[in-house]
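**Q** predicted structure and sequence below. I'll ask about it afterward.
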Amino acid sequence: MQITQFVRQATTLNPQGTATVYGERRRSWTEFAERTARLAAALKKLGLAAGDFVAVLSMNSDRYVELFYAIPHAGGCFAPMNVRWSKAENAYALKDCGAKVLFVGTDFVGQARELARELPLEALIYMGEGGTPEDMLSYEDLIAASEPAEDAGRTGEDLYAVFYTGGTTGDPKGVAFTHQALTQATVAYLAMLPDIEDLSFAYVGGFFHFSAANAALYITLCAGTHVVLPKFEPVAMMQAISEHGVTNAVMVPTMITMMLNHPDFDRYDLSSLRTLVYGGSPMPRELMAEAARKLPGWRFYQIYGMTETGGFATMLRWRDHVFDGPRAHRIAACGQPAPGVEIRIVDPDGHDLPRGELGEIAMRSDYLMREYLGKPEQTAAALRDGWMFSGDAGYMDKDGYLYVADRVKDMIVTGGENVFSIEVERALYSHPSVMQASVVGVPSEEWGEAVHGIVVLKPGQTATDVELIAHCRKHIGGYKCPKGITFRDEPLPVGPAGKVQKNVLRAPFWEGRTKKI
């Protein structure tokens, strides 16, 4: 199987249907297919050989969707760069994959020029709006000047893409995927959704992350419509859903919170959206209940996974989003394994643990990464006997539902007791004044680490640290409750995938210390 088949499928199923929407631009699937074939021809003229990497540094756009297919059509490997990274981090990734061509968006012209001075890039291609910088090639001119090329025919175990991850505790890692892996992942993702007819997807996550990349693949395979937004803004997202009748989206809980609490929320008709997939961090029960109440037509699905597993491994379907009765506990789960995924819970020695016991989550499927590009030792440490060891702690219940407790490395050890921050965060979120909450371990002479809450209150609401700690005691054991609370006026910091950056929140407390617990 090959990724470029998806475009041929779309042109067969829906040749005149709308493929992409970006601002005022609309393009059909027939136009999309011709443009990607022409761009592939241009890349070949520039000297791109089979297996060469082509990188992209840009905010989301309709042209970015085309690159998911034009690059493999030309025989190249796709390398989306993280728009939130520094120049140094992106320089590392470009060196790591050896990219010869860099597509550049409007916001990154300056950084691209600096990168070109440092790296042996053979071409900078401007894919943004407005006039093309003099020292760059024009995306649109390359398409106009080229005749459509034949598909290069890369398939199966040929490398398709590398998605970069990490960077907070060491060098970034290039997570490499074959055509076979991501075509199978796309079919599995579609199999989990409630319907695949007449789909349109609004993008708010970056294409360098699977929160958007999964949809860039599955929406094409089912000949739907890509409604592309440069980034997440609550009003822009609500406008897109209302104006374009968007049916599907992926959002993280922080985005959902911002939208539900926006003063203009009631001004927009959001009823077209049928499937909202969320992930990146747990959905607090109270937020889920509020979202279900305010958006009764939306069906919520949670996914759990990691970049190395193709972005997903389990799904909690809408039928399990219930708040009363014998199945109400499942709202705290992250679902059952996706088609073709096997999951084990293991102890530190890699031995299987019984159902209900907490351990490390390990996953196996045909759509795991092939490797960390150029890092055989790190690949061997993560991929053992075909299993991806996640670094997440969790357990599986008797019905095959997976519950994720926390990152193994983020577990708080206080007075010899293990505290998973998610439990404490859920208790904080159940207070009516709390809009955002995160829990980290901070230094304690008495306990080694102390549980500490960092809270953003809802607009117009008040609460004290004493009040919130007392509230937590009603829901969880005393040793799990925060010993202190820090209040913030600004939202919690989030990373590229929308996850709260606990390392950023934790850092000020540990400055100048060596963590020895």
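**A** All right, it came through fine. Numbering: from 1, shown residues only.
**Q** tell me where the model's unsure across the stretch 401-517 of the chain.
**A** The model of the stretch 401-517 of the chain has pLDDT under 70 over residues 406-410, 415-418, 496-497, 513-517.
**Q** mind redoing it with 80?
**A** 405-411, 413, 415-420, 422-423, 445-448, 477, 495-499, 512-517 (pLDDT under 80).
**Q** also the stretch 1-150 of the chain?
**A** For the stretch 1-150 of the chain, no range has pLDDT under 80.
**Q** which residues in it form helices?
**A** Ranges of helices within the stretch 1-150 of the chain are 5-13, 29-45, 62-73, 87-97, 109-118, 139-144, based on DSSP state H, counting those that start in this stretch.
**Q** quick one: buried residues of the last one?
**A** In other words, helix 139-144. By neighbour count with 16 or more other CB atoms under 10 Å, helix 139-144 contains the buried residues 139, 142-143. In short, each C-beta sits where N, CA and C put it, glycine included.
**Q** next SSE after that helix?
**A** strand 159-165 (DSSP states H and E).
**Q** what count of nearby residues applies to Val413?
**A** Using other CB atoms under 10 Å, Val413 has 13 neighbouring residues.
**Q** how close does it get to Arg473?
**A** According to CB to CB, to the nearest Å, Val413 stands 21 Å off from Arg473.
**Q** tell me the centre residue of this structure?
**A** Ser211 (3.4 Å; CA atoms, centre = their mean).
**Q** wasn't that one part of a strand?
**A** No: using DSSP: H, G, I helix; E, B strand; the rest coil, the secondary structure at Ser211 is helix, not a strand.
**Q** contact partners for the closest residue to Thr225 other than its chain neighbours?
**A** Nearest non-adjacent residue to Thr225, counting by CB to CB, 6 or more residues apart in numbering: Ser200, 3.9 Å away. Contact analysis of Ser200 by CB atoms under 8 Å, 6 or more residues apart in numbering lists 219, 224-227, 244-248.
**Q** let's see which of these end up in strands.
**A** Here DSSP state E is the test, and those give 225-227, 248 as lying in strands.
**Q** between the residues you listed, which sits nearest Leu273?
**A** Comparing those against Leu273 with CB to CB places Asn248 closest, at 7.2 Å.
**Q** tell me, how many neighbours does that closest one end up with?
**A** Neighbour number of Asn248 under other CB under 10 Å is 25.
**Q** before we move on, what about the one 3 residues further on?
**A** By the measure other CB under 10 Å, the count of residues near Met251 is 24.
**Q** what residues are up against the nearest residue to it once chain neighbours are set aside?
**A** Nearest residue to Met251, sequence neighbours excluded (CB to CB, 6+ apart): Tyr278, at 5.7 Å. By CB under 8 Å, 6+ apart, the contact list for Tyr278 reads 250-253, 256, 300-303.
**Q** does Tyr278 have any beta-bridge partners, and if so which?
**A** Counting by DSSP bridges, Tyr278 is bridged to Met251, Gln302.
**Q** looking at this, Glu377 is in a helix?
**A** Yes: under three-state DSSP, Glu377 sits within a helix.
**Q** contact partners for Met396?
**A** By CB under 8 Å, 6+ apart, the contact set of Met396 is 343, 345, 355-356, 402-403.
**Q** and it, what are its bridge partners?
**A** Met396 has these beta-bridge partners by DSSP bridges: Leu402.
**Q** that one and Phe6, how far apart?
**A** Here the criterion is CB to CB. By it, Met396 lies 33 Å from Phe6.
**Q** cool, Asp269 as well?
**A** Using CB to CB, we find Asp269 at a distance of 31 Å from Phe6.
**Q** comparing those two, which residue is more hemmed in?
**A** More crowded of Asp269 and Phe6, by other CB under 10 Å: Phe6, with 23 against 11.
**Q** quick one on the thing from earlier: can I get the contacts of Ser200 in TSV with distance to Gln436 and pLDDT?
**A** As requested, the contacts of Ser200 are exported to TSV (distance: CB to CB, whole Å; pLDDT from 0 to 100):
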residue	distance to Gln436	pLDDT
Ile219	30	98
Gly224	32	98
Thr225	32	98
His226	30	98
Val227	27	98
His244	29	97
Gly245	31	97
Val246	25	98
Thr247	28	98
Asn248	25	98
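**Q** please spell out the PyMOL selection for the buried subset of these.
**A** This is the PyMOL syntax for the buried subset of these, where burial follows 16+ other CB under 10 Å:
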select buried, resi 219+224+225+226+227+246+247+248
